[in-house]
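Asker: My questions are about this predicted structure, shown below with the sequence.
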Amino acid sequence: MNKKTLKDVDVKGKRVFCRVDFNVPMQDGEITDDTRIRAALPTIQYLIDQGAKVILASHFGRPKGKVVEEMRLTPAGVRLSELLGKNVQKADEAYGDSVKSLIESMNEGDVLLLENVRFYPGEEKNDSELAKSFAELADVYVNDAFGAAHRAHASTEGIAHHLPAVSGLLMEKELDVLGKALSNPERPFTAIIGGAKVKDKIGVIENLLEKVDNLIIGGGLAYTFVKAQGHEVGKSLLEADKVDLAKSFIEKAKEKGVNFYMPVDAIVADDFSAEANSKAVAIEEIPSDWEALDIGPKTAEIYRDVIQKSKLVIWNGPMGVFEIDKFAGGTKAVAEALAEAEGTYSVIGGGDSAAAVEKFNLADKMSHISTGGGASLEFMEGKALPGVVALNDK
Ligand SMILES: Nc1ncnc2c1ncn2[C@@H]1O[C@H](COP(=O)(O)OP(=O)(O)O)[C@@H](O)[C@H]1O
Ligand SMILES: O=C(OP(=O)(O)O)[C@H](O)COP(=O)(O)O
């Protein structure tokens, strides 16, 4: 990597603003998967060992520039403290006088976690005043938030223009591993795209069609494509204004000779809940008042077969609502196929995909679990990540 890393700067006694991605899956105030927090530990521990004053910043969820009580970073701070085996102070704000006075009382090796940076409207707008306010808190900026590196926000991009700015150890590792896998991909090369962030991910597909041999679509994303094939999708997740785009991708795949796999059946439910009635139906037969919450068993078989014949697979986004057991079958089938595929290099990306693999106890069977979903996809598309571009060159 041609960017400076943590090892290129002296942080002893310095105030270090370290952007991490603690956007962890959470249910009823409980962290359900702490992969992203554990992934940040090497950088945090290194800073502690070097005698830095460690100021951690992260986003959590999408509070849209307002304080949302359930989106405070307090649970993440508690978990971090347990994992580090040391006290982590938690601020109620992310900049300003109250934060400055907390920092003034820090000793070398102390850790302070700032409040959710997305409580401020300037964060996602990459407001330069907010970036300066963050920068005022510190002497050095470290970006270890690979999962948010595709966002040009005040704490991921803006701040880097006001301080010496370097990558953290996780950021460095992610770029290294993903870069190596993609520089000369082994073939057949398969991408599996699912999840619920349809707007974010649909655009990625166009560029992936230039690179892969097989493209597999699942999760909430699939139903915009199902609709594009002329089928009704009932109450399933649908981005109506992306249907034409989806149609054009199906055409483009044909032109490029890319095998494009979409669900042939689905598990539909009469409610988005564990108590819902559910059944498997052919994809043309989704009832108008039901929603598809998982791929069906026939689809899972087809996907399993493609995976097992692939040499490189990147997987981003669950195949269904895996958090509820009766809609977890498709995601589990894909995870198992990857775990069983010998000689296949598997890269799992995204907070929820990583959580799914953990849930099925298959994490150690994957070649690389990336902490970034959207970020790893954009990187693989060949796009520059703003959070990386803004760092100082070597
Ligand atoms: N068919 C579906 N309908 C609604 N939500 C879905 C469906 N399939 C998957 N999901 C949801 O998608 C979420 C993960 O989406 P996303 O954030 O895009 O993935 P990742 O975090 O891995 O990048 C999960 O919480 C899952 O419940
Ligand atoms: O969870 C994240 O992305 P991911 O779901 O693509 O893995 C990152 O924390 C970025 O969050 P965002 O998509 O709200 O900017």
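Answerer: Alright, I've got the coordinates. Ligands and ions are numbered 1, 2, ... in the order given.

Asker: who in the stretch 201-350 of the chain is up against ligand 2?
Answerer: Gly350 (Cβ under 6 Å from any ligand atom). The C-beta positions use only the backbone N, C-alpha and C, and glycine is treated the same way.

Asker: where does the stretch 201-350 of the chain dip in pLDDT?
Answerer: Applying pLDDT under 70 to the stretch 201-350 of the chain flags no residue at all.

Asker: wait, what's in contact with Ala222?
Answerer: Contact analysis of Ala222 by Cβ atoms under 8 Å, 6 or more residues apart in numbering lists Gly194, Met262, Pro263, Ala266, Ala292, Ile295.

Asker: mind running it again at 10 Å?
Answerer: When contacts are counted by Cβ atoms under 10 Å, 6 or more residues apart in numbering, Ala222 touches 193-194, 198, 216, 233, 236-237, 246, 261-263, 266, 283, 292, 295, 299, 317, 319-320, 330.

Asker: Filter these down to the buried ones, ChimeraX style.
Answerer: Selection of buried members from those for ChimeraX, criterion 16 or more other Cβ atoms under 10 Å:
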select :193,194,198,216,233,236,237,246,261,262,263,266,283,292,295,299,317,319,320,330
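
Asker: ok, which of the contacts of Ala222 also contact ligand 1?
Answerer: Gly194, Leu237, Ala292, Gly317, Gly320.

Asker: can you tell me which two in those residues are farthest apart?
Answerer: Ala292 and Gly317 (14.7 Å; Cβ to Cβ).

Asker: Show the end-to-end separation of stretch 97-114, please.
Answerer: 13 Å (Cα to Cα, to the nearest Å).

Asker: Would you pull up how far it lies from the middle of the chain?
Answerer: 29 Å (Cα atoms, centre = their mean, to the nearest Å).

Asker: List the buried residues in it.
Answerer: In stretch 97-114, counting by 16+ other Cβ under 10 Å, buried: Val99, Leu102, Ile103, Met106, Asp110, Val111, Leu112, Leu113, Leu114.

Asker: Please apply the same query to stretch 224-232.
Answerer: Thr224, Phe225, Val226, Lys227, Ala228, His231.

Asker: circling back to that earlier point, in helices only, show me the buried residues of stretch 97-114.
Answerer: Residues of the buried residues of stretch 97-114 located in helices (DSSP state H): Val99, Leu102, Ile103.

Asker: closest to Ala52 among the ones next to ligand 1 among the contacts of Ala222?
Answerer: Gly317 (35.6 Å).

Asker: Next one: the residue of the stretch 1-150 of the chain found nearest ligand 1 from Thr35, what distance?
Answerer: As assessed by Cβ to the nearest ligand atom, ligand 1 sits closest to Pro25 within the stretch 1-150 of the chain, at 7.5 Å. For Pro25, the distance to Thr35 (Cβ to Cβ, to the nearest Å) stands at 9 Å.

Asker: Pick out the residue of the stretch 1-150 of the chain closest to ligand 2.
Answerer: Asn23 (3.4 Å).

Asker: Give me the pLDDT value at the spatially closest residue to that residue that is not a sequence neighbour.
Answerer: Leaving aside its sequence neighbours, Asn23 sits nearest to Phe60 (Cβ to Cβ, 6 or more residues apart in numbering; 5.4 Å). On pLDDT, Phe60 comes in at 98.

Asker: What segments of the stretch 151-300 of the chain are helices?
Answerer: 169-183, 198-208, 222-228, 243-256, 297-308 (DSSP state H, counting those that start in this stretch).

Asker: The shortest one and ligand 1, are they touching?
Answerer: No. Legend: contact between helix 222-228 and ligand 1 by Cβ under 6 Å from any ligand atom is lacking; minimum distance shown is 6.9 Å.

Asker: can you give me the strands in the stretch 1-150 of the chain?
Answerer: 15-19, 26-27, 30-31, 53-57, 88-90, 111-113, 140-143 (DSSP state E, counting those that start in this stretch).

Asker: still on that earlier bit, what separation is there between the residue of the stretch 1-150 of the chain closest to ligand 2 and Pro297?
Answerer: 32 Å.

Asker: go on, His150?
Answerer: 34 Å.

Asker: So Asn23 and Pro297 - more neighbours on which side?
Answerer: Asn23 (22 against 13; other Cβ atoms under 10 Å).

Asker: Isn't the more buried one up against Phe146?
Answerer: No. Contact criterion Cβ atoms under 10 Å: Asn23 and Phe146 do not qualify, at 11.5 Å.

Asker: Could you pull up the mean pLDDT of stretch 41-48?
Answerer: The model assigns stretch 41-48 a mean pLDDT of 98.

Asker: What of stretch 358-365?
Answerer: 95.

Asker: Of the helices of the stretch 151-300 of the chain, flag the one that's most buried.
Answerer: Across the helices of the stretch 151-300 of the chain, averaging neighbours per residue (mean count of other Cβ atoms under 10 Å) puts helix 222-228 on top, at a mean of 24.

Asker: distance between it and the chain's centre?
Answerer: 23 Å.

Asker: Ok, stretch 301-310 next?
Answerer: 24 Å.

Asker: And the ones next to ligand 1 among the contacts of Ala222, which is closest to ligand 2?
Answerer: Gly317 (7.9 Å).

Asker: Quick check, that closest one in contact with Leu237.
Answerer: No. Gly317 is not in contact with Leu237 according to Cβ under 10 Å; the separation is 11.7 Å.
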